[in-house]
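Asks: pasting the sequence and the predicted coordinates here, then a few questions.
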Amino acid sequence: MLQATKTNGIWKYVGCIVLLSTVLSIALYKPLPDGFCKTKMDRFIMHIVEPALRVAYYYPSRMFSKPSSMVWWTRLALNHLSSTLGLTVSTSDTIRTFWRTWNGVGVKVYQPIDNQTATNGAVIFIHGGGFALGSVEMYDSLLRRMSADMKTLFISIEYRLVPETVYPGNIHDCENAVNYFFANAEREFGIDTTKVVIMGDSAGGNMATVIAQRRNEEGAVPKLAGQVLIYPLLQMADMQSISYRYFETHLDGYALVDPESVAYYYMFYAGINMDEKAYLVKNVLSNGHVAKKLRKEIDELTGYGAVLENSRNYNNASIAPRKFVSENYEAQELLEKFMMDPSFSPLMRKDLSGMPESLVITCEFDILRDEGLIYANRLEKDNVSTTTINYENGFHAMLNFHSELYEASKAVYDIEQWTLNVINS
């Protein structure tokens, strides 16, 4: 009798959980746009994951009065949530990992056991997170998988984040680690330093290509063999591109990378105290932060955007027109020195000739889609061998779901194959 009562109690508890989950799911349900994710299973998973992200970090972060507190909460939530991803990845019998400090910067090394590599090259990875979020550990399962699949040495850099460290401190961290690697990798790991690919996603893609640009400009040797830019964050001069405006029309309120967050993070990166200057964001989102004297030059460097307006227009979906530019001279003064600085906004580098062979990954449901496509087009125009893949069903940060979603897993495979071809060429 006692056992039956205990069992009934357990089932009542389970029933309450199921009922509560069902009620929450109905209350939080938002239909995903047509084309968001490719398979039915992916869409089913994202109908669970996206509301969970809203509850875990998106809604709570909007409750803080200070943007720095919003960053703190988002970091905390995403660091915990990321530990639940990639659990099916098991590489303990194929690679070993260990930490090192290079020129004062922490790096995590992913090395095939007994150095049994398929290549004698390496990949340097810089994680994303808007310069303010993310960590080496958040990307651990992805790099374990890629290192094991490719049987190749991977290095992941733990650079300092904003707002605690601002530009150019973050890029200097990455560059210091890269410089150490090129100076010591042949002796420490037995690799060929002419076969090194630099890779990064989102803000990590920004810093990866900044390092590639700077090494190219300086004539540094050995040269990078390639660069892989995964939905890279490349500029803040145009916050009204068609991919931004599609988000505002169809994806606003979803727990996806949004225009407001990009504005906050980029301004933190510029060293602006956003706890005091949060009122400038509304002007930035209308491009009111761009001084008039810079606009002609910016338009020339982002001219391919006009093609995107006509050719990649989300199948003629209804999209809000460009907003009236709300000029703000304070924002223009604070940001003027950054707008055309290619180490801050790498899309503004005028001459890209001589850059390493490039793979640029973009996603259809991503506000950063357009700047990635524009950058890829400019690389091609400057005779850089460039492969561009736009995942029609993809979204920003999807590689963090590499073992959960088909579209993300397919992207990982494509990146691995391209990178191996470059290293082995």
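Replies: All right, it came through fine.
Asks: below-threshold pLDDT in the stretch 1-150 of the chain: ranges please.
Replies: 1-25, 115-116 (pLDDT under 70).
Asks: next up, the contacts around Phe365.
Replies: Residues in contact with Phe365 (CB atoms under 8 Å, 6 or more residues apart in numbering) are 33, 35-36, 251, 256, 393-396. C-beta: built from backbone N, CA, C; applies to glycine.
Asks: Met339 now?
Replies: Listed by CB under 8 Å, 6+ apart, the contact set of Met339 reads 236-237, 290-291, 294, 298, 345, 348.
Asks: buried ones among those?
Replies: Buried by 16 or more other CB atoms under 10 Å: 236-237, 290-291, 294, 298, 345, 348, out of the contacts of Met339.
Asks: now, those that are in helices?
Replies: 294, 298 (DSSP state H).
Asks: could you dump the buried ones among the contacts of Met339 to CSV with pLDDT and distance to Ile26?
Replies: Formatted as CSV, these follow (pLDDT from 0 to 100; distance: CB to CB, whole Å):
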residue, pLDDT, distance to Ile26
Met236, 96, 38
Ala237, 96, 42
Val290, 98, 43
Ala291, 96, 49
Leu294, 97, 49
Ile298, 96, 46
Ser345, 98, 43
Met348, 98, 46
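Asks: which one of the contacts of Phe365 is nearest to Gly106?
Replies: Set against Gly106, the nearest of these by CB to CB is His396 (25.9 Å).
Asks: was I right about that closest one contacting Leu233?
Replies: No - when contacts are counted by CB atoms under 8 Å, His396 is not listed as touching Leu233 (9.5 Å).
Asks: count of residues packed around the closest residue to Leu334 other than its chain neighbours?
Replies: In space, not counting the residues next to it along the chain, Leu334 is nearest to Ile272; the distance is 5.7 Å by CB to CB, 6 or more residues apart in numbering. Neighbour count for Ile272, taken as other CB atoms under 10 Å: 21.
Asks: next: Lys350.
Replies: A count of nearby residues for Lys350, using other CB under 10 Å, gives 11.
Asks: check contacts around it.
Replies: Lys350 touches 301, 342, counting by CB under 8 Å, 6+ apart.
Asks: just the pLDDT at it, thanks.
Replies: For Lys350, the pLDDT comes out at 97.
Asks: the strands in this structure, which residues?
Replies: 95-102, 105-112, 122-126, 153-158, 196-201, 226-230, 357-365, 386-395 (DSSP state E).
Asks: who wins for proximity to Gly372 among the ones you listed?
Replies: Closest to Gly372 of the strands of the chain, according to CB to CB: strand 357-365, at 4.0 Å.
Asks: who does the closest one pair up with?
Replies: Taking DSSP bridges as the criterion, strand 357-365 forms sheet pairs with strand 226-230 (parallel), strand 386-395 (parallel).
Asks: could you measure from Tyr59 over to His250?
Replies: Noted for Tyr59: a distance of 20 Å to His250, by CB to CB, to the nearest Å.
Asks: of these two, give the one with the bigger neighbour count.
Replies: His250 (17 against 13).
Asks: can I get the strands of the chain in CSV including distance to Arg245?
Replies: Shown next, in CSV, are these (distance: least, CB to CB, whole Å):
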stretch, distance to Arg245
strand 95-102, 42
strand 105-112, 38
strand 122-126, 29
strand 153-158, 34
strand 196-201, 23
strand 226-230, 23
strand 357-365, 13
strand 386-395, 16
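Asks: which stretch among these comes nearest Val178?
Replies: Nearest of those to Val178, taken as CB to CB: strand 122-126 at 6.0 Å.
Asks: and the closest one, what other elements does it pack with?
Replies: helix 140-150, strand 153-158, helix 169-189, strand 196-201, helix 203-218 (3 or more CB pairs under 8 Å, 6 or more residues apart in numbering; DSSP states H and E).
Asks: what lies in contact with it?
Replies: With CB under 8 Å, 6+ apart, strand 122-126 has contacts from 139, 143, 146-147, 150, 152-157, 159, 174, 177-178, 181, 185, 189, 191, 195-200, 204-205, 207-208, 419.
Asks: deepest in the core, which of the strands paired with strand 357-365 is it.
Replies: Of the strands paired with strand 357-365, the one with the most neighbours on average (mean count of other CB atoms under 10 Å) is strand 226-230, at a mean of 27.
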